[in-house]
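1. A structural model of the following input is requested.
(one chain, ligands or ions: 2)
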Amino acid sequence: MPADSPADGLPRVGVGVDVHPFAPGRPMWVAGLHWPQESVGLSGHSDGDVAAHACCDAILTAAGLGDLGAQIGTSDPVWAGASGVALLTEMAGRVRSAGWRIGNVSVQVVGVRPRMAARRAEAEGVLSEACGAPVSVAAKTTDGLGFTGRGEGLAAFATALVVPA
Ligand SMILES: Nc1ccn([C@@H]2O[C@H](COP(=O)(O)O)[C@@H](O)[C@H]2O)c(=O)n1
Ligand SMILES: C[C@@]1(CO)OP(=O)(O)OP(=O)(O)OC[C@H]1O
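-> Numbers count the residues shown, from 1 in each chain. Ligands and ions are numbered 1, 2, ... in the order given. Sure, this is the predicted structure:
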């Protein structure tokens, strides 16, 4: 059965993970928001927005369309420096063009900074607008453990549900 099979009208789930290291001299963009109080940003070919990228992979895998790297890759100059919101808007459009409706997306940011809680609703609004479906946002620090806990970088994990249009 092909990976993008509609599975007889049943919903399909997807998963996405992304990790980027913190990098001095870069603006911090996470979950579609700019965090101007942060002294470092995230490295990457684009803006490094792990939350938006994990959402992209979740909807793409749900639709059987590969992942963000397969869709655009880091060799494509068109997307160099692209915002996570622009990428999520584009990937959600590709998922819809392939015949899917996006039910919802849930993303969890893992790391010590930025502190998401105070701007969680704002992030959910921006990502939901980009996705054209509800996106919920959560966060965890990992209590000092691992590269996230040590403040070396940021990770995000997302799941998505799609249904045939
Ligand atoms: N980057 C983060 C990480 C966590 N939070 C919020 O803190 C709560 C407690 O996190 P623990 O990892 O210590 O359990 C968590 O539930 C989030 O609400 C955050 O805002 N930003
Ligand atoms: C977004 C892309 C392309 O600009 O690059 P990065 O910003 O490096 O992000 P990543 O999630 O590591 O890989 C996906 C790439 O397609």
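
2. stretch 100-116 near ligand 1 at all?
-> Yes - counting by Cβ under 6 Å from any ligand atom, ligand 1 has neighbours in stretch 100-116: Val109, Gly111, Val112, Arg115, Met116. C-beta coordinates here come from the backbone N, C-alpha and C atoms, glycine included.

3. so which helix or strand of the chain has the lowest pLDDT on average?
-> helix 68-71 (a mean of 94; mean pLDDT, DSSP states H and E).

4. mind checking how far the helix or strand just after that one is from the chain centre?
-> Using DSSP states H and E, the helix or strand that follows helix 68-71 towards the C-terminus is helix 84-97. Its chain's C-alpha centre and that of helix 84-97 lie 11 Å apart, by Cα atoms, centre = their mean, to the nearest Å.

5. what strand or helix carries Val15?
-> According to DSSP H and E, Val15 maps onto strand 12-24.

6. for that strand, packing partners?
-> Under the contact definition 3 or more Cβ pairs under 8 Å, 6 or more residues apart in numbering; DSSP states H and E, strand 12-24 sits against strand 40-42, helix 50-62, strand 153-164.

7. all good on my end, thank you.
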